[in-house]
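Undergrad: compute the structure for the input listed below.
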Amino acid sequence: MDTTVRSNSGVHLGQRISDLSKVLRTARQKEQEGDGTLKGIRAKRSRYTTNAWAKTSISKEPETLLLAKHQKLKHLAAELPTLVDSLTQDYHEYEKSLISLKTSGESDKAEKEMWQQLYKQHKREKEEVLKRKLELEIELDAKKMEIEQLTTKLEEKNDEIDGLAYLNRHLLTKELLSNQELQDARKELIVGLQQKRLNNSEGDFGLKIIGEIDDEPFLKICRLRYAPANADTKAAQLCSEWQEKLKNSKWHPFKIVRFHGENQEVVDEDDRELKNLKRKWGEEVYNAVTTALEELNEHNPSGRYVFYELWNFEANRKATMQEVINHIFKDQRSSAPAYDRDQQVKGTQKPSFHPESGSAEE
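TA: Residues are numbered from 1 along each chain as shown. Presented below is the predicted three-dimensional model:
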């Protein structure tokens, strides 16, 4: 609207300048006409100067009026160029303002379009944010439900774990009691076999003194090096010295080696004392000492003192309680009187207990 008003004002200003130019041209024409008229009057006056009748008949009033009009027109003609120049300058300045306003209007239009685009973009981004917010709220609700379900399951699992932990403690207690009973029974069985002097390797099962050095290699080497009267005494003395040395827990002639992906502790062949033993007394004595040392390190590493153990001489390992009990019952059957064996064959014997099944048999 402001642009339209200014445009109309510019048209009126141009029209006014055009009108003033026409007036200026008209004034100049009239000035020229007035100059001609004035000259004509003056010529007439000069012709009638000598004529007294002419002097009295020609009036000076028209000349005075024409002079006044002529001066007024000259003054107006003098002012008109200045006024036209001023109006022309104002018109040019207005044209510049109009051009500037037009440019400003175009800039405002571009800025308006830019703001409209920014508004649309902002509106679109806002819609996307709201949409994403709704999606996240839905996802959050789903996660909350999932967490609640997992919490419920976790509580159920905790209850189950508590029950299993209680059961495990109960079973562990029973296992400890059973192991203690088994160890007590094993000790009693060892004591009973000691009383029967079943501490040899003539049968498949018996007692073995773990960590005891075999004196046979010592006797053999001493009988070769010493007189018969002193050989046995020297062998017993030498074997006893090394037996005492094995009890020293500070002496630890072992090393760690990697075997089949696992760490194993074996005798260190580079140990100084063992090397001296092998060099001085030979391979058999060395093997007897290292065998006893390995047994103590495996079965009693903390104390390193000898002890009795139920042994399976055939398999060269510790015997289980079931193996020993079966062996004892087998010996009892084989040593039973002939009458009892006949009754067993006829099926009239007393019930016998089988440790494998844990039941009695008629």
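Undergrad: mind listing the helices for the stretch 51-200 of the chain?
TA: 52-57, 61-195 (DSSP state H, counting those that start in this stretch).
Undergrad: give me the domain ranges for this protein.
TA: For the chain, automatic domain parsing gives the domain ranges 2-122, 199-319.
Undergrad: out of these, which gets the lowest mean score?
TA: Sorting the domains of the chain by mean pLDDT places domain 2-122 lowest, at a mean of 65.
Undergrad: how about the strands in the stretch 201-350 of the chain?
TA: For the stretch 201-350 of the chain, the strands defined by DSSP state E, counting those that start in this stretch occupy 205-210, 254-259, 262-267, 307-312, 317-318.
Undergrad: adding mean neighbour count and distance to K234, write those out as JSON lines.
TA: C-beta here means a position set from N, CA and C on the backbone, and glycine is covered the same way. Converted to JSON lines, the strands of the stretch 201-350 of the chain look like this (neighbours: other C-beta atoms under 10 Å; distance: least, C-beta to C-beta, whole Å):
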{"stretch": "strand 205-210", "mean neighbour count": "20", "distance to K234": "22"}
{"stretch": "strand 254-259", "mean neighbour count": "11", "distance to K234": "29"}
{"stretch": "strand 262-267", "mean neighbour count": "12", "distance to K234": "25"}
{"stretch": "strand 307-312", "mean neighbour count": "18", "distance to K234": "27"}
{"stretch": "strand 317-318", "mean neighbour count": "12", "distance to K234": "33"}
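Undergrad: want to try JSON lines for the ones you listed, with distance to P81 as columns?
TA: Formatted as JSON lines, the strands of the stretch 201-350 of the chain follow (distance: least, C-beta to C-beta, whole Å):
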{"stretch": "strand 205-210", "distance to P81": "143"}
{"stretch": "strand 254-259", "distance to P81": "121"}
{"stretch": "strand 262-267", "distance to P81": "121"}
{"stretch": "strand 307-312", "distance to P81": "144"}
{"stretch": "strand 317-318", "distance to P81": "141"}
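Undergrad: out of the ones you listed, the one nearest L164 is which?
TA: With respect to L164, and counting by C-beta to C-beta, the nearest of the strands of the stretch 201-350 of the chain is strand 262-267 at 30.4 Å.
Undergrad: and the angle from that closest one to strand 254-259?
TA: If you take axes from the mean of the first three to the mean of the last three C-alpha atoms, to 10 degrees, strand 262-267 sits at 140 degrees to strand 254-259.
Undergrad: for strand 262-267, packing partners?
TA: If you count contacts as 3 or more C-beta pairs under 8 Å, 6 or more residues apart in numbering; DSSP states H and E, strand 262-267 packs onto strand 254-259, helix 283-299.
Undergrad: save those as CSV, and put in distance to I138 too.
TA: Formatted as CSV, the helices and strands packed on strand 262-267 follow (distance: least, C-beta to C-beta, whole Å):
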stretch, distance to I138
strand 254-259, 57
helix 283-299, 66
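Undergrad: okay, these, which one's buried deepest?
TA: Most buried of those, by mean neighbour count (mean count of other C-beta atoms under 10 Å): helix 283-299, with a mean of 18.
Undergrad: can you tell me what sits against that one?
TA: Contacts with helix 283-299, where a contact means C-beta atoms under 8 Å, 6 or more residues apart in numbering, come from 210-218, 220-221, 242-243, 246, 253-254, 265, 267, 274, 277-278, 304-307, 309, 318.
Undergrad: selection in PyMOL covering whichever of those are buried, please.
TA: Per 16 or more other C-beta atoms under 10 Å, the buried members of these correspond to this PyMOL selection:
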select buried, resi 210+211+212+213+215+217+218+221+242+243+246+253+267+274+277+278+304+306+309
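Undergrad: among the helices of the stretch 51-200 of the chain, which comes closest to Q237?
TA: helix 61-195 (26.4 Å).
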